[in-house]
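Enquirer: Fold the stuff below for me.
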Amino acid sequence: MSDVRAVAIDDFLTAAGPILDVRSPGEFEQGRIPNALSFPIFSNEERAQIGICYKHKSREQAVELGFDIVGPKLGDFIRQAQTLAPERIVRIHCWRGGMRSGSLAWALNLAGFHVLTLQGGYKAYRRWVRRTLAGHKKIALLGGMTGTAKTDILHALAAQGEQVLDLEGHANHRGSSFGALCLPPQPSTEQFENILADRWQSFDPLRPIWIEAESRRVGACRVPPELFEQMEAAFAIEITRPVSERVALLVEIYGQADTDDLVAATERIRKRLGGERTQRAIAAIRAGDLETAVTITLDYYDRTYRYGLEQREHSVPEIDVTGLSPTAAAHRLKEKIQIFTASVPV
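Expert: Model (predicted):
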(Lines give C-alpha, C1' and ligand atoms only; values in the text may rest on other atoms or scores of the structure.)
Protein backbone atom coordinates (compact mmCIF):
# COMPACT_ATOMS: atom_id res chain seq x y z
CA MET A 1 0.00 0.00 0.00
CA SER A 2 1.14 3.56 -0.68
CA ASP A 3 0.66 6.42 1.77
CA VAL A 4 -1.37 9.55 2.47
CA ARG A 5 0.25 12.74 3.76
CA ALA A 6 -1.31 16.07 4.64
CA VAL A 7 0.98 18.98 3.73
CA ALA A 8 0.90 22.77 3.99
CA ILE A 9 0.02 24.93 1.00
CA ASP A 10 3.57 25.77 -0.14
CA ASP A 11 4.58 22.11 -0.25
CA PHE A 12 1.27 21.16 -1.85
CA LEU A 13 1.69 23.61 -4.73
CA THR A 14 5.22 22.49 -5.57
CA ALA A 15 4.67 18.72 -5.22
CA ALA A 16 4.36 16.26 -8.09
CA GLY A 17 1.13 14.88 -9.50
CA PRO A 18 -2.12 16.37 -10.82
CA ILE A 19 -4.30 18.36 -8.40
CA LEU A 20 -7.76 16.82 -7.99
CA ASP A 21 -10.30 19.32 -6.66
CA VAL A 22 -13.01 17.16 -5.07
CA ARG A 23 -15.40 20.03 -4.35
CA SER A 24 -18.68 20.34 -6.23
CA PRO A 25 -18.72 21.71 -9.81
CA GLY A 26 -20.28 24.95 -8.53
CA GLU A 27 -17.49 25.52 -6.04
CA PHE A 28 -14.88 24.73 -8.69
CA GLU A 29 -16.44 27.18 -11.15
CA GLN A 30 -16.38 29.99 -8.58
CA GLY A 31 -12.66 29.64 -7.93
CA ARG A 32 -9.94 27.02 -8.11
CA ILE A 33 -6.21 26.49 -8.01
CA PRO A 34 -4.87 27.14 -11.55
CA ASN A 35 -4.35 23.87 -13.45
CA ALA A 36 -6.39 21.89 -10.89
CA LEU A 37 -8.79 19.30 -12.31
CA SER A 38 -12.42 19.14 -11.29
CA PHE A 39 -12.94 15.76 -9.60
CA PRO A 40 -16.20 16.20 -7.65
CA ILE A 41 -17.26 13.47 -5.29
CA PHE A 42 -20.67 15.17 -4.96
CA SER A 43 -22.71 16.94 -7.61
CA ASN A 44 -24.13 20.37 -6.78
CA GLU A 45 -27.46 18.77 -5.96
CA GLU A 46 -25.92 16.05 -3.78
CA ARG A 47 -23.90 18.60 -1.84
CA ALA A 48 -27.08 20.60 -1.24
CA GLN A 49 -28.88 17.49 0.01
CA ILE A 50 -26.12 16.77 2.52
CA GLY A 51 -26.18 20.38 3.69
CA ILE A 52 -29.93 20.22 4.30
CA CYS A 53 -29.54 16.93 6.17
CA TYR A 54 -26.81 18.43 8.35
CA LYS A 55 -28.90 21.51 9.13
CA HIS A 56 -32.24 19.83 9.82
CA LYS A 57 -31.15 16.44 11.18
CA SER A 58 -27.63 15.87 12.46
CA ARG A 59 -23.98 15.71 11.50
CA GLU A 60 -23.99 11.94 11.90
CA GLN A 61 -26.89 11.48 9.51
CA ALA A 62 -25.29 13.88 7.00
CA VAL A 63 -22.08 11.84 7.11
CA GLU A 64 -24.03 8.62 6.56
CA LEU A 65 -25.84 10.18 3.61
CA GLY A 66 -22.49 11.26 2.17
CA PHE A 67 -21.13 7.72 2.35
CA ASP A 68 -24.35 6.35 0.82
CA ILE A 69 -23.83 8.71 -2.14
CA VAL A 70 -20.07 8.21 -2.53
CA GLY A 71 -19.89 4.47 -1.96
CA PRO A 72 -21.23 3.33 -5.36
CA LYS A 73 -18.93 5.82 -7.12
CA LEU A 74 -15.62 4.73 -5.64
CA GLY A 75 -14.76 2.24 -8.40
CA ASP A 76 -15.28 4.90 -11.06
CA PHE A 77 -13.22 7.40 -9.05
CA ILE A 78 -10.29 5.00 -8.92
CA ARG A 79 -10.47 4.29 -12.66
CA GLN A 80 -10.66 8.02 -13.45
CA ALA A 81 -7.67 8.71 -11.21
CA GLN A 82 -5.67 5.99 -12.96
CA THR A 83 -6.32 7.71 -16.28
CA LEU A 84 -5.38 11.15 -14.96
CA ALA A 85 -2.37 9.97 -12.96
CA PRO A 86 -0.87 6.81 -14.51
CA GLU A 87 2.11 7.15 -12.16
CA ARG A 88 -0.35 6.92 -9.22
CA ILE A 89 0.76 10.17 -7.61
CA VAL A 90 -2.00 12.71 -6.92
CA ARG A 91 -2.70 15.82 -4.88
CA ILE A 92 -6.22 16.15 -3.46
CA HIS A 93 -8.05 19.00 -1.76
CA CYS A 94 -11.56 19.97 -0.76
CA TRP A 95 -12.91 23.10 0.96
CA ARG A 96 -11.45 22.72 4.47
CA GLY A 97 -9.22 19.68 4.10
CA GLY A 98 -11.83 17.50 5.76
CA MET A 99 -13.99 14.52 4.93
CA ARG A 100 -14.33 14.92 1.19
CA SER A 101 -10.60 14.92 0.46
CA GLY A 102 -9.99 12.46 3.29
CA SER A 103 -12.46 9.89 2.00
CA LEU A 104 -11.14 9.97 -1.56
CA ALA A 105 -7.55 9.88 -0.31
CA TRP A 106 -8.40 6.75 1.71
CA ALA A 107 -9.93 5.03 -1.33
CA LEU A 108 -7.08 5.94 -3.68
CA ASN A 109 -4.54 4.90 -1.07
CA LEU A 110 -6.15 1.45 -0.89
CA ALA A 111 -5.83 1.32 -4.69
CA GLY A 112 -2.09 1.93 -4.46
CA PHE A 113 -1.85 5.69 -4.97
CA HIS A 114 0.61 8.02 -3.28
CA VAL A 115 -1.66 10.85 -2.09
CA LEU A 116 -0.98 14.33 -0.76
CA THR A 117 -3.88 16.22 0.81
CA LEU A 118 -3.92 19.96 1.50
CA GLN A 119 -4.01 21.04 5.14
CA GLY A 120 -6.85 23.52 5.48
CA GLY A 121 -8.09 22.82 1.95
CA TYR A 122 -9.03 25.50 -0.54
CA LYS A 123 -9.48 27.97 2.34
CA ALA A 124 -5.77 27.66 3.06
CA TYR A 125 -5.05 28.27 -0.62
CA ARG A 126 -7.11 31.46 -0.56
CA ARG A 127 -5.09 32.69 2.43
CA TRP A 128 -1.97 31.96 0.37
CA VAL A 129 -3.41 34.06 -2.48
CA ARG A 130 -3.89 37.06 -0.20
CA ARG A 131 -0.40 36.67 1.28
CA THR A 132 1.21 36.25 -2.14
CA LEU A 133 -0.44 39.29 -3.70
CA ALA A 134 0.68 41.41 -0.75
CA GLY A 135 4.31 40.58 -1.49
CA HIS A 136 6.03 43.76 -2.66
CA LYS A 137 7.70 43.67 -6.08
CA LYS A 138 8.97 46.23 -8.57
CA ILE A 139 6.34 47.46 -11.03
CA ALA A 140 6.72 49.43 -14.24
CA LEU A 141 3.26 50.80 -14.98
CA LEU A 142 2.39 51.31 -18.64
CA GLY A 143 -0.14 54.04 -19.32
CA GLY A 144 -1.55 55.49 -22.50
CA MET A 145 -4.85 56.53 -24.00
CA THR A 146 -7.27 54.00 -25.48
CA GLY A 147 -5.96 52.65 -28.78
CA THR A 148 -2.24 53.17 -28.18
CA ALA A 149 -1.66 49.37 -28.43
CA LYS A 150 -0.60 48.94 -24.80
CA THR A 151 -1.66 45.29 -24.75
CA ASP A 152 0.24 44.48 -27.94
CA ILE A 153 3.32 46.21 -26.53
CA LEU A 154 3.04 44.21 -23.30
CA HIS A 155 2.97 41.02 -25.35
CA ALA A 156 6.05 42.21 -27.25
CA LEU A 157 7.82 42.95 -23.96
CA ALA A 158 7.03 39.42 -22.77
CA ALA A 159 8.40 37.99 -26.04
CA GLN A 160 11.61 39.93 -25.37
CA GLY A 161 12.04 38.30 -21.98
CA GLU A 162 10.46 40.96 -19.78
CA GLN A 163 8.20 40.11 -16.85
CA VAL A 164 4.60 41.02 -17.73
CA LEU A 165 1.33 40.77 -15.81
CA ASP A 166 -1.46 41.08 -18.39
CA LEU A 167 -4.47 42.10 -16.28
CA GLU A 168 -6.79 42.45 -19.27
CA GLY A 169 -5.70 39.14 -20.72
CA HIS A 170 -6.32 37.29 -17.47
CA ALA A 171 -9.67 39.08 -17.01
CA ASN A 172 -10.81 38.45 -20.62
CA HIS A 173 -11.73 42.13 -20.86
CA ARG A 174 -10.18 45.26 -22.39
CA GLY A 175 -11.34 47.48 -19.57
CA SER A 176 -13.98 49.66 -21.27
CA SER A 177 -17.68 49.47 -22.05
CA PHE A 178 -16.63 47.72 -25.27
CA GLY A 179 -14.05 45.57 -23.50
CA ALA A 180 -15.90 42.24 -23.48
CA LEU A 181 -16.61 42.20 -27.22
CA CYS A 182 -15.10 39.25 -29.13
CA LEU A 183 -13.61 37.77 -25.93
CA PRO A 184 -14.49 34.69 -23.82
CA PRO A 185 -16.58 35.09 -20.63
CA GLN A 186 -14.81 36.66 -17.68
CA PRO A 187 -13.67 34.58 -14.71
CA SER A 188 -15.06 35.37 -11.27
CA THR A 189 -13.12 37.95 -9.28
CA GLU A 190 -12.03 35.09 -7.00
CA GLN A 191 -10.56 33.14 -9.90
CA PHE A 192 -9.00 36.32 -11.32
CA GLU A 193 -7.18 36.73 -8.00
CA ASN A 194 -6.07 33.10 -8.07
CA ILE A 195 -4.62 33.49 -11.56
CA LEU A 196 -2.81 36.72 -10.65
CA ALA A 197 -1.34 35.19 -7.48
CA ASP A 198 -0.07 32.23 -9.48
CA ARG A 199 1.69 34.61 -11.85
CA TRP A 200 2.87 36.98 -9.10
CA GLN A 201 4.70 34.30 -7.16
CA SER A 202 6.60 33.29 -10.31
CA PHE A 203 8.17 36.72 -10.87
CA ASP A 204 11.73 37.63 -9.94
CA PRO A 205 11.42 40.38 -7.28
CA LEU A 206 14.69 41.97 -8.45
CA ARG A 207 13.38 42.70 -11.95
CA PRO A 208 10.52 45.05 -12.92
CA ILE A 209 7.09 43.68 -13.77
CA TRP A 210 5.30 45.51 -16.58
CA ILE A 211 1.61 46.10 -15.88
CA GLU A 212 -0.90 48.16 -17.83
CA ALA A 213 -2.41 51.02 -15.84
CA GLU A 214 -5.99 50.06 -14.97
CA SER A 215 -8.83 51.25 -12.77
CA ARG A 216 -9.89 49.12 -9.80
CA ARG A 217 -12.07 47.01 -12.11
CA VAL A 218 -11.32 45.28 -15.38
CA GLY A 219 -14.85 44.65 -16.53
CA ALA A 220 -16.51 42.72 -13.70
CA CYS A 221 -13.19 41.57 -12.21
CA ARG A 222 -11.81 43.61 -9.32
CA VAL A 223 -8.07 44.13 -9.21
CA PRO A 224 -6.89 42.75 -5.84
CA PRO A 225 -6.43 45.66 -3.39
CA GLU A 226 -2.98 44.40 -2.38
CA LEU A 227 -1.86 44.67 -6.01
CA PHE A 228 -3.71 47.88 -6.80
CA GLU A 229 -2.00 49.70 -3.93
CA GLN A 230 1.38 48.73 -5.38
CA MET A 231 0.28 49.89 -8.84
CA GLU A 232 -0.77 53.28 -7.51
CA ALA A 233 2.65 53.80 -5.94
CA ALA A 234 4.63 52.43 -8.90
CA PHE A 235 6.77 54.29 -11.40
CA ALA A 236 4.63 54.98 -14.49
CA ILE A 237 5.30 55.93 -18.08
CA GLU A 238 2.82 56.98 -20.76
CA ILE A 239 2.98 56.04 -24.42
CA THR A 240 1.51 58.39 -27.00
CA ARG A 241 0.29 57.98 -30.57
CA PRO A 242 -1.62 60.31 -32.91
CA VAL A 243 -5.40 59.95 -32.93
CA SER A 244 -5.33 58.61 -36.51
CA GLU A 245 -3.25 55.58 -35.47
CA ARG A 246 -5.41 54.97 -32.42
CA VAL A 247 -8.62 55.10 -34.42
CA ALA A 248 -7.22 52.70 -37.02
CA LEU A 249 -6.21 50.20 -34.33
CA LEU A 250 -9.61 50.32 -32.62
CA VAL A 251 -11.45 49.93 -35.91
CA GLU A 252 -9.34 46.83 -36.59
CA ILE A 253 -10.17 45.35 -33.16
CA TYR A 254 -13.88 46.16 -33.02
CA GLY A 255 -14.60 45.73 -36.69
CA GLN A 256 -15.04 42.04 -35.89
CA ALA A 257 -17.81 42.72 -33.36
CA ASP A 258 -21.54 42.36 -33.94
CA THR A 259 -23.29 45.64 -34.77
CA ASP A 260 -25.94 45.23 -32.06
CA ASP A 261 -23.23 44.54 -29.47
CA LEU A 262 -21.41 47.71 -30.48
CA VAL A 263 -24.62 49.70 -30.18
CA ALA A 264 -25.35 48.23 -26.75
CA ALA A 265 -21.84 49.09 -25.54
CA THR A 266 -22.26 52.65 -26.78
CA GLU A 267 -25.61 52.96 -25.01
CA ARG A 268 -23.92 51.97 -21.73
CA ILE A 269 -21.88 55.18 -21.79
CA ARG A 270 -24.74 57.44 -22.95
CA LYS A 271 -24.82 59.49 -19.73
CA ARG A 272 -21.11 60.20 -19.90
CA LEU A 273 -20.89 60.58 -23.67
CA GLY A 274 -23.98 62.76 -23.95
CA GLY A 275 -27.22 62.13 -25.80
CA GLU A 276 -26.35 63.91 -29.04
CA ARG A 277 -22.92 62.29 -29.42
CA THR A 278 -24.32 58.89 -28.49
CA GLN A 279 -26.90 59.13 -31.26
CA ARG A 280 -24.25 60.19 -33.77
CA ALA A 281 -21.99 57.32 -32.77
CA ILE A 282 -24.83 54.78 -33.01
CA ALA A 283 -25.87 56.12 -36.41
CA ALA A 284 -22.28 55.73 -37.60
CA ILE A 285 -22.14 52.14 -36.31
CA ARG A 286 -25.41 51.30 -38.08
CA ALA A 287 -24.01 52.81 -41.28
CA GLY A 288 -20.83 50.75 -41.00
CA ASP A 289 -18.71 53.85 -40.41
CA LEU A 290 -16.71 52.62 -37.42
CA GLU A 291 -14.03 55.26 -37.90
CA THR A 292 -16.51 58.04 -37.10
CA ALA A 293 -18.04 56.08 -34.21
CA VAL A 294 -14.63 55.42 -32.64
CA THR A 295 -13.57 59.06 -33.04
CA ILE A 296 -16.69 60.21 -31.19
CA THR A 297 -16.34 57.77 -28.28
CA LEU A 298 -12.60 58.43 -27.92
CA ASP A 299 -13.39 61.93 -26.71
CA TYR A 300 -15.04 60.48 -23.60
CA TYR A 301 -12.29 57.92 -22.94
CA ASP A 302 -9.53 60.52 -23.42
CA ARG A 303 -11.13 62.82 -20.84
CA THR A 304 -11.50 59.94 -18.40
CA TYR A 305 -7.88 58.92 -18.90
CA ARG A 306 -6.59 62.45 -18.37
CA TYR A 307 -8.57 62.76 -15.15
CA GLY A 308 -7.03 59.54 -13.82
CA LEU A 309 -3.55 60.71 -14.82
CA GLU A 310 -4.03 63.95 -12.89
CA GLN A 311 -4.76 62.00 -9.70
CA ARG A 312 -1.26 60.52 -9.60
CA GLU A 313 1.11 62.14 -7.13
CA HIS A 314 4.10 62.11 -9.48
CA SER A 315 4.51 63.34 -13.04
CA VAL A 316 4.37 60.68 -15.74
CA PRO A 317 6.99 60.88 -18.51
CA GLU A 318 5.75 60.40 -22.07
CA ILE A 319 7.25 58.19 -24.76
CA ASP A 320 6.17 58.80 -28.35
CA VAL A 321 5.67 55.53 -30.26
CA THR A 322 4.19 57.04 -33.40
CA GLY A 323 4.49 54.65 -36.34
CA LEU A 324 6.23 51.97 -34.29
CA SER A 325 5.26 48.33 -34.30
CA PRO A 326 4.65 46.71 -30.88
CA THR A 327 8.12 45.09 -31.10
CA ALA A 328 9.86 48.38 -31.88
CA ALA A 329 7.83 50.21 -29.24
CA ALA A 330 8.82 47.60 -26.65
CA HIS A 331 12.51 48.13 -27.47
CA ARG A 332 12.08 51.88 -27.08
CA LEU A 333 10.32 51.46 -23.73
CA LYS A 334 13.15 49.31 -22.38
CA GLU A 335 15.72 51.90 -23.48
CA LYS A 336 13.82 54.85 -22.05
CA ILE A 337 12.93 53.29 -18.73
CA GLN A 338 16.61 52.78 -17.96
CA ILE A 339 17.11 56.51 -18.42
CA PHE A 340 14.01 57.51 -16.45
CA THR A 341 14.80 55.22 -13.54
CA ALA A 342 18.55 55.84 -13.35
CA SER A 343 18.04 57.69 -10.08
CA VAL A 344 14.58 56.39 -9.13
CA PRO A 345 14.01 52.67 -8.33
CA VAL A 346 11.33 51.05 -10.48
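
Enquirer: Can you check which helix is longest in this protein?
Expert: helix 290-310 (DSSP state H).

Enquirer: contact partners of that one?
Expert: 143, 145-147, 176, 178, 213, 215, 238, 243, 246-247, 250-251, 254-255, 262, 266, 269, 272-273, 277, 280-282, 284-285, 316 (C-beta atoms under 8 Å, 6 or more residues apart in numbering). For the C-beta atoms, the positions are set from N, CA and C on the backbone; glycine is no exception.

Enquirer: counting contacts, what elements does the helix or strand that it is followed by pack onto?
Expert: Remark: after helix 290-310, the chain's next helix or strand is strand 318-320, criterion DSSP states H and E. Packing partners of strand 318-320 (3 or more C-beta pairs under 8 Å, 6 or more residues apart in numbering; DSSP states H and E): strand 235-240, helix 326-340.

Enquirer: I'd like to know which of those lies nearest to residue 39.
Expert: Counting by C-beta to C-beta, residue 39 lies closest to helix 326-340 out of the helices and strands packed on strand 318-320; the figure is 40.2 Å.

Enquirer: Show me what counts as buried in that closest one.
Expert: Buried residues in helix 326-340, counted by 16 or more other C-beta atoms under 10 Å: 326, 329-330, 332-334, 337, 340.

Enquirer: same thing with stretch 268-282?
Expert: Buried residues in stretch 268-282 (16+ other C-beta under 10 Å): 269, 273, 277-278, 281-282.

Enquirer: now stretch 3-21
Expert: Buried-residue list, stretch 3-21, by 16+ other C-beta under 10 Å: 4, 6, 9, 12-13, 15, 17-21.

Enquirer: Among those, which lie within helices?
Expert: 9, 12-13.

Enquirer: Would you mind stating the distance between the residue nearest to residue 87 when sequence neighbours are not counted and residue 89?
Expert: If the residues on either side of it in the chain are set aside, residue 87 comes closest to residue 17, at 7.4 Å by C-beta to C-beta, 6 or more residues apart in numbering. Per C-beta to C-beta, to the nearest Å, residue 17 is found 4 Å from residue 89.

Enquirer: Between the two, which contacts overlap?
Expert: Here residue 17 and residue 89 have residue 114 as joint contacts, going by C-beta under 8 Å, 6+ apart.
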